[in-house]
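Trainee: please find the sequence and the predicted model below.
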Amino acid sequence: MLVNRLLEAYEHAGHVTAVDDTFRSLTYKQVTALAGVMRDVIDRRTTGDRVGILLPASGAFAATFFGAQWAGRVPIPLNLLLNAEELQTIIADAGIESVLTIRHFEKTAGEISAKPLFLEDLSLRRRALFKLLGRPAKAPATQADDVAVILYTSGTTAKPKGVQLTYGNLVSNCLDAQQALASALDGENRFLNVLPPFHVFGLTACVLLPVFLKATVYALPRFHAVEVVKTIAAKGVTLMVAIPSMYAAILKLKSVSRETFKTVRIAMSGGEPLPEAVARGFEDRFGVKIRQGYGLTETSPVLSVCTLEATKDGTVGRPIPNVEVRIAGSDGAALGAGADGEILVRGPGVMKGYFRNPEETSRVIDKEGWFHTGDMGRLDEDGYLTITGRLKEMLIVSGENVYPREIEAVLEQHPAVLQAAVIGVPDESRGEVPAAFVLCAEGKAPTETELRNFARQSLGGFKVPRQIRISHELPVGPTGKILKRRLRELL
């Protein structure tokens, strides 16, 4: 199904640039030829049903990913930032026998049990030239329920779980997201890809969706704010997909002007809440309104999105076509508009299940097909979804439920604050109390008392953080999410 989409691009947009990375620029014909080479390599030199891919965002990743599916295998993109011990946990769980990678990761590859195949040793360019002389092989027959990829969750709070996404999951999510964003995708599309391909946001939005659109992707192997704005200006990027911390880093650059973003039709944000100060600053300085979306690895990922026609500040938009969203109380009953509860979702993008983990699968997907996200939120009367926190992060202060995201949102309204993170700390009299870490804009230095008084204007006294740490940097994981367990260590 996905290889067929690549072959369609080969037929109808063969000379269009598919991926332009820091090493080379490849047309759709060249990516297809390279994917055909990788198909042969994987077919002849690897064993097992699943293969690991340890590569950054690039034309090589796209070709290897499609090549693995073309060979009838299940690709497993691996987190580039994990150490060998962490990778080995995933490799053992998934039963990976071979990993396709590059010499940059040679040390790590030498410390894991899977056999490494280094792309530099495979004479890819010469082989791809031969492939270009002939017609590509047919795509393998696949069913909608066949597993297309296994993505491992980051494991910041528990052992990583392998999320099995099917061909049906990924195809439907691309098509439904494309329909939701139709006006922003009308015309020639040039994507900026700064997201890691081992993360579902980067894989679906910046590797798969562009193939459906026969679009060009400008891929950067790692995020660097200066390189990002140079690429946007030089390549005329029309669609930008990033996480809030990336937008915050760009906002700190002094030499960037509105002219840099003149071609950007839409800038999407996901992965974590978008601070109001970042959204406001981006629009004021660059004339670009950042649109939020929401999704999870287990949902392929897109569930809702703000579009050019339908955006409401502070929300993550309305559900995309074919996706149902329900807000449930602690008893599982559906709640009405404006009520806070757990976000439950149902639709064609919901995963097949966790790999070799039926117990956990049945815990999060109920008998009616609703996936229990663990996120807290509310739907308003117009159907817009607001994320209010994580169920597991809920604090109980003197018997009262307190959601960290509510406190973070208030602190982020302060003009000096770019981003906030709130955790609970033990307290003898109250059980636990909130503590906050804030990332301030360059040149801004509010006092702890000032921020506490600011929060008190909008929050009940029991919700006001007892400690506020002002920081120049917050610890983040490989996908840019703030690592709250690390914040606890700092306290």
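Mentor: Arrived safely, thanks for sending.
Trainee: CA only for contacts and neighbour counts going forward, please
Mentor: OK.
Trainee: spatially central residue for the chain, please.
Mentor: The residue lying closest to the centre of the chain (C-alpha atoms, centre = their mean) is Phe201, at 2.9 Å.
Trainee: next up, the contacts around that one.
Mentor: Applying C-alpha atoms under 8 Å, 6 or more residues apart in numbering, we find Phe201 in contact with Leu195, Gly270, Gly271, Thr297, Pro301.
Trainee: okay, now the fourth one: neighbour count?
Mentor: Pointing back at Thr297 there. Using other C-alpha atoms under 10 Å, Thr297 has 22 other residues around it.
Trainee: swap in the third one?
Mentor: Residues near Gly271, counting by other C-alpha under 10 Å, number 20.
Trainee: same question for the last one.
Mentor: Other residues within reach of Pro301 by the criterion other C-alpha under 10 Å amount to 27.
Trainee: do you know the pLDDT at the residue nearest to it when sequence neighbours are not counted?
Mentor: Distance criterion C-alpha to C-alpha, 6 or more residues apart in numbering; nearest residue to Pro301, sequence neighbours excluded, is Gly295 at 4.6 Å. Looking at Gly295, its pLDDT reads 96.
Trainee: so what sits opposite Gly295 in the bridge?
Mentor: Val302 (DSSP bridges).
Trainee: distance of it relative to Cys206?
Mentor: Counting by C-alpha to C-alpha, to the nearest Å, the separation of Gly295 from Cys206 is 15 Å.
Trainee: those two: which is more packed in?
Mentor: Higher neighbour count among Gly295 and Cys206: Cys206, with 28 against 20, using other C-alpha under 10 Å.
Trainee: ok, that one - contacts?
Mentor: Here Cys206 is in contact with Phe191, Leu192, Asn193, Leu195, Val217, Val241 (C-alpha under 8 Å, 6+ apart).
Trainee: for the second one, give me its contacts.
Mentor: This means Leu192. Leu192 makes contacts with Cys206, Val217, Tyr218, Ala219, Ile232, Val237, Thr238, Leu239, Met240, Val241, as judged by C-alpha under 8 Å, 6+ apart.
Trainee: can you tell me which of these is nearest Thr108?
Mentor: Lowest distance from Thr108 to the contacts of Leu192 (C-alpha to C-alpha) belongs to Ala219, with 23.4 Å.
Trainee: next, the residue nearest to Thr17 when sequence neighbours are not counted: phi, psi?
Mentor: Take Thr17 and drop its neighbours on the chain: the residue closest to it by C-alpha to C-alpha, 6+ apart is Thr27, 4.0 Å away. For Thr27, the backbone dihedrals are phi -80, psi 170 (criterion: degrees, to the nearest 10).
Trainee: show the pLDDT at Thr27.
Mentor: On pLDDT, Thr27 comes in at 98.
Trainee: now do Pro478, the pLDDT please.
Mentor: Listed pLDDT for Pro478 reads 64.
Trainee: lowest-scoring secondary structure element of the protein by mean pLDDT?
Mentor: Within the chain, no helix or strand scores below strand 400-402, which has a mean of 79 by mean pLDDT, DSSP states H and E.
Trainee: contact partners of it?
Mentor: Contacts of strand 400-402 (C-alpha under 8 Å, 6+ apart): Met394, Leu395, Ile396, Lys463.
Trainee: in that strand, which residues are buried?
Mentor: Burial within strand 400-402, assessed by neighbour count using 16 or more other C-alpha atoms under 10 Å, is assigned to Val402.
Trainee: mind listing what that strand pairs with, with the direction of each?
Mentor: Partners of strand 400-402 in its sheet, by DSSP bridges: strand 395-397 (antiparallel).
Trainee: what average pLDDT does the strand it pairs with get?
Mentor: Regarding strand 395-397, the rounded mean pLDDT is 84.
Trainee: how far does that strand sit from the chain's center?
Mentor: Chain-centre distance of strand 395-397: 29 Å, with C-alpha atoms, centre = their mean, to the nearest Å.
Trainee: just stretch 288-295 next, same as before
Mentor: 12 Å.
Trainee: before we move on, the earlier item: so what's the residue nearest to Thr17 up against?
Mentor: Neighbours of Thr27 in contact, by C-alpha under 8 Å, 6+ apart: Gly14, His15, Val16, Thr17, Ala18, Val19.
Trainee: re earlier: so what touches whatever helix or strand comes next after the least confident helix or strand of the chain?
Mentor: Where DSSP states H and E defines the elements, the next helix or strand beyond strand 400-402 is helix 404-411. With C-alpha under 8 Å, 6+ apart as the contact definition, helix 404-411 has outside contacts at 275-276, 388-390, 393-395, 417, 419-423, 434, 436, 438, 451, 454-455, 458-459, 463-464.
Trainee: swap in stretch 482-491?
Mentor: So stretch 482-491 is contacted by Thr156, Thr157, Ala421, Val422, Ile423, Val425, Phe437, Leu474, Pro475, Val476, Gly477 (C-alpha under 8 Å, 6+ apart).
Trainee: give the contact list for Gln164.
Mentor: Contacts for Gln164 (C-alpha under 8 Å, 6+ apart) come out as Val147, Ala148, Val149, Ile150, Leu151, Glu298, Met351, Lys352, Gly353, Tyr354, Phe355.
Trainee: how does it look with 7 Å?
Mentor: Val147, Val149, Ile150, Leu151, Met351, Lys352, Gly353, Tyr354, Phe355 (C-alpha atoms under 7 Å, 6 or more residues apart in numbering).
Trainee: quick one, helices of the stretch 201-350 of the chain?
Mentor: Using DSSP state H, counting those that start in this stretch, the helices assigned to the stretch 201-350 of the chain run over residues 209-213, 225-235, 244-251, 276-286.
Trainee: just tell me which of those helices ends up closest to Ala339.
Mentor: Going by C-alpha to C-alpha, the one of the helices of the stretch 201-350 of the chain nearest Ala339 is helix 276-286, 22.1 Å.
Trainee: thinking again about what came up before, just put the contacts of Cys206 in TSV and tack on distance to Tyr247 and pLDDT.
Mentor: Conversion of these to TSV gives the following (distance: C-alpha to C-alpha, whole Å; pLDDT from 0 to 100):
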residue	distance to Tyr247	pLDDT
Phe191	16	98
Leu192	13	98
Asn193	13	96
Leu195	12	93
Val217	19	98
Val241	10	95
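Trainee: which of these fall in strands?
Mentor: Within the contacts of Cys206, residues falling in strands by DSSP state E are Phe191, Leu192, Asn193, Val217, Val241.
Trainee: most neighbours out of the residues you listed, which is it?
Mentor: In terms of neighbours by other C-alpha under 10 Å, those top out with Asn193 at 29 neighbours.
Trainee: run through the bridge partners of Val425.
Mentor: Counting by DSSP bridges, Val425 forms beta bridges with Val433.
Trainee: that one: neighbouring residues, count only.
Mentor: 15.
Trainee: which ones are touching it?
Mentor: Val425 neighbours (C-alpha under 7 Å, 6+ apart): Glu432, Val433, Pro434, Ala435.
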